[in-house]
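Enquirer: Need coordinates for the following:
(chains A and B)
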Number of protein chains: 2
Amino acid sequence: MSELRKDPIVDRWVIIAAERGRRPSDFETTPEPPTSEGCPFCEGNEATTPPEIYAVRDGTAPNTPGWQVRVVPNKFPALAIEGELMRSGFGRLDRMTGVGAHEVIIESPNHFDDIPAMSTDHVALILDTYAQRTEDLRRDERFRHIIVFRNYKSAAGASLSHPHSQLIALPFIPKITREKLASAQEYYRGKERCIFCDLIEQELSMPEQERVIYCNDCFLILSPFAARFPFSVEIYPLQHCHDFVEMDSSTRLALAEALQFIFGQYKNTLADPAYNMTLQTAPNTSPRPGHPDYWSSIAYDYHWHLEIFPRLTKVAGFEWGTGCYINPVAPEDAARYLRPESWSPGANEQ
Amino acid sequence: MSELRKDPIVDRWVIIAAERGRRPSDFETTPEPPTSEGCPFCEGNEATTPPEIYAVRDGTAPNTPGWQVRVVPNKFPALAIEGELMRSGFGRLDRMTGVGAHEVIIESPNHFDDIPAMSTDHVALILDTYAQRTEDLRRDERFRHIIVFRNYKSAAGASLSHPHSQLIALPFIPKITREKLASAQEYYRGKERCIFCDLIEQELSMPEQERVIYCNDCFLILSPFAARFPFSVEIYPLQHCHDFVEMDSSTRLALAEALQFIFGQYKNTLADPAYNMTLQTAPNTSPRPGHPDYWSSIAYDYHWHLEIFPRLTKVAGFEWGTGCYINPVAPEDAARYLRPESWSPGANEQ
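Expert: Model prediction:
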């Protein structure tokens, strides 16, 4: 019989239907077109993107070759950086102007580069770029939340195959973030403890650690108890921290290693599937003079993390109509497939 | 500049990025394989499905030809009808056994039949079948909610192209239903009015009715103010009612007409796209002896409706990470494309 499991943070039931069970090789993936022709993100094509906002360069001029990571505005932005933020209502309807930022983080000058194959230092540089851009955008009081995400391959929504992430700054706190913040705050208010820290502790304290995939000095990769999608993972810092920009350089290196590990496993175990990665961090807590705000005040109860899931199953009427998902792979089985060969319970304990 | 709009029921912001704007012909659709070979849902192949649960027949024997609508268990059910519902917790984690029902409503004996081309009476018969199955399953006290949905074409998750809907009975109230119920209840508690009724009234009272697509004696088809997906629609009964099973036969005919209209418009205006339809109705209010329950007690504040959306855009990292969607077609433009040719504001007013 299948099993129903509840995500304790966002209060969502998931159907784990493992008897429909499938092995990693049962999921099909589509190869990407193997050409870099006409790619605007490649080194040498800097003139074909909007002017860069940020780049890691050794003294070369902006918008020329000679960079390691480069950030440009999205050519087709969902939200515009210029313009006044105007909020209005009409009866029960609320609207505001589409003010925000939509940037592309080009992760490498090389079209065929790939996170597992990069140097760990380079991956850490990408993570540092996420933080630099986030900090810069948080200075803009219009922006209440910044989300960084990575769509890998066209089945996951990437329109270009050159390695890149994106960042969107929003003039509101999005629904999922509000749910997670509220959940963390409610728990903290009652117990003076972080709900994420307690869940991490619970997973690590089980004798078999059956949902633990990987652990290094600073980060844990979990197969979530109520995972919605087969082989999805969550990456948590072991130390409580609400905001990813507070990572120091050695912590960033540890996260870079964890990402290289899991994306390498996806490549090896699942035949390089399309995936989405989203960075779940606290909202902008920059002071808004004279306007202290609820969400900022509870941001410190949060525990930032990454969510990653391969795009292997279809989301259809049932999922859209209920918010409940059917996962054909038990999270414990997914963990077994995704672990390093050398894994044993407790091996990574501090 | 794009615009941000909020769904007042589920508290979700949507980015209406109409300047990325696209016309109906800009969205690609994929044709389905034009064969009925080996289809288990076709008349004559009754022996290839699990034994039928329900059928509309004129005296013919079960599991033989001679039916108009036929309901069978899903061969690969997400939840099993047999078994005890056991709930348990471990620390912060909740689980229960995967008990429920998963049925297929085969809408016609003819593989190539299609809702816009059927007789309106036949469509009403399908709707009556939804209600019959829902009422029957509600007698089972294990089932807290029943969701009916329709996945049209493989891009929307349909594994067979023979016209069919599905029904899943759940041992819990799903997240989206709880959110909508809570929102309706909170509004009702404060105002003694239904939030859905007020929104319908607001849309109909605007001089241009710019989001009204269609209206008959009993139902309104709206292009939602904060639509997540291009050309998505919601269908509301004009009279307040929490539960779709309470429709009488003339109301069912009016809904059948509305469905034939909108699916016909999808075919004509959008080149027959894949779509999902979900029926959003109140949870099971059947008395549980000695155990009155919160969700049942607020069910009457709800206003049932249908949500329908073509699968034209990709859901990627941003949407998964925020719960915020980017809609490239303004709902007012979508309404303009989907309206009947003869439409004028107020023409359908009661």
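Enquirer: I'd like to know how many residues surround residue A:325.
Expert: 21 (other C-beta atoms under 10 Å in any protein chain shown). Bear in mind the C-beta positions are built from the backbone N, C-alpha and C, glycine included.
Enquirer: and the nearest residue to residue A:142 once chain neighbours are set aside, how far is that from residue A:143?
Expert: Sequence neighbours aside, residue A:85 is the residue nearest to residue A:142 in space, at 4.6 Å (criterion: C-beta to C-beta, 6 or more residues apart in numbering or on different chains). Distance, residue A:85 to residue A:143, using C-beta to C-beta, to the nearest Å: 9 Å.
Enquirer: what residues are shared contacts of those two?
Expert: residue A:171 (C-beta atoms under 8 Å, 6 or more residues apart in numbering or on different chains).
Enquirer: who has more neighbours, the two?
Expert: The neighbour comparison of residue A:85 against residue A:143 (other C-beta under 10 Å) goes to residue A:143, with 24 against 17.
Enquirer: how close does residue A:329 get to chain B?
Expert: Going from residue A:329 to chain B by C-beta to the nearest C-beta, to the nearest Å gives 14 Å.
Enquirer: Residue A:111 too?
Expert: In terms of C-beta to the nearest C-beta, residue A:111 sits 20 Å off from chain B.
Enquirer: so that residue, which of the three states?
Expert: State at residue A:111, reduced to three classes by DSSP: H, G, I helix; E, B strand; the rest coil: coil.
Enquirer: That one - how many residues pack around it?
Expert: 18.
Enquirer: So what's the residue count around the residue nearest to it when sequence neighbours are not counted?
Expert: Excluding the flanking residues, the one nearest residue A:111 by C-beta to C-beta, 6+ apart is residue A:36, at 3.6 Å. The local packing of residue A:36 (other C-beta under 10 Å) involves 15 other residues.
Enquirer: Then residue A:343?
Expert: For residue A:343, using other C-beta under 10 Å, the count is 16.
Enquirer: for it, what are its contacts?
Expert: residue A:214.
Enquirer: Spit out the contact partners of the residue lying farthest from the centre of chain A.
Expert: Going by C-alpha atoms, centre = their mean, the residue of chain A most distant from its centre is residue A:91, 35.9 Å out. Neighbouring residues of residue A:91 by C-beta under 8 Å, 6+ apart: B:198-199, B:202.
Enquirer: can you tell if the helix or strand that contains residue A:147 touches chain B?
Expert: Element membership for residue A:147 (DSSP states H and E) is strand A:145-152. Yes - applying C-beta under 8 Å from any C-beta of the partner chain, one finds strand A:145-152 touching chain B at A:145, A:147, A:149-151.
Enquirer: what's the most distant pair in the residues you listed?
Expert: Greatest spacing in these, by C-beta to C-beta: A:145 and A:151 (18.8 Å).
Enquirer: Can you tell me the SS state at residue A:228?
Expert: coil.
Enquirer: Can you report how many residues lie near it?
Expert: Look at residue A:228: counted by other C-beta under 10 Å, it has 22 neighbours.
Enquirer: same deal with residue A:186?
Expert: 13.
Enquirer: Pretty sure residue A:165 sits against residue A:103.
Expert: No - judged on C-beta atoms under 8 Å, residue A:165 makes no contact with residue A:103 at a distance of 9.2 Å.
Enquirer: which ones are touching the residue nearest to residue A:142?
Expert: With C-beta under 8 Å, 6+ apart, residue A:85 has these contacts: A:96-97, A:99, A:142, A:171.
Enquirer: what about 6 Å?
Expert: With contact taken as C-beta atoms under 6 Å, 6 or more residues apart in numbering or on different chains, residue A:85 is in contact with A:97, A:99, A:142, A:171.
Enquirer: returning to that earlier point: just the buried residues of the strand holding residue A:147, please?
Expert: A:145-152 (16 or more other C-beta atoms under 10 Å in any protein chain shown).
Enquirer: ditto for stretch A:266-275
Expert: Result for stretch A:266-275 [16+ other C-beta under 10 Å]: buried residues A:266, A:269-270, A:272-275.
Enquirer: of all the contacts of residue A:91, which comes closest to residue A:6?
Expert: residue B:199 (30.6 Å).
Enquirer: Skipping its backbone neighbours, what lies nearest that closest one in space?
Expert: Leaving aside its sequence neighbours, residue B:199 sits nearest to residue A:92 (C-beta to C-beta, 6+ apart; 5.8 Å).
Enquirer: which of the residues in stretch A:97-116 are buried?
Expert: By 16+ other C-beta under 10 Å, the buried positions in stretch A:97-116 come out as A:97-109, A:111, A:114-116.
Enquirer: all strands for the stretch 251-350 of chain A, in order.
Expert: A:275-280, A:305-310, A:325-327 (DSSP state E, counting those that start in this stretch).
Enquirer: show me what contacts residue A:115?
Expert: Contacts of residue A:115 by C-beta under 6 Å, 6+ apart are A:123, A:260, A:263.
Enquirer: For the residues you listed, which single residue is the most surrounded?
Expert: Highest count within those by other C-beta under 10 Å belongs to residue A:123, 23 neighbours.
Enquirer: Assign that residue to helix, strand or coil.
Expert: Per three-state DSSP, residue A:123 ends up helix.
Enquirer: Show me where chain A dips below the pLDDT cut-off.
Expert: Low-confidence segments of chain A (pLDDT under 70): A:19-22, A:28-30, A:33, A:347-350.
Enquirer: Show me the residue sitting in the middle of it in space.
Expert: residue A:278 (1.9 Å).
Enquirer: mind checking the SS state of residue A:131?
Expert: Assignment for residue A:131 (three-state DSSP): helix.
Enquirer: Not counting sequence-adjacent ones, nearest residue to it?
Expert: Counting by C-beta to C-beta, 6+ apart, the residue nearest residue A:131 is residue A:245, at 4.4 Å.
Enquirer: Can you give the distance from the longest helix seen in chain A to the centre of its chain?
Expert: Using DSSP state H, we find that the single longest helix of chain A is helix A:249-270. Its chain's C-alpha centre and that of helix A:249-270 lie 13 Å apart, by C-alpha atoms, centre = their mean, to the nearest Å.
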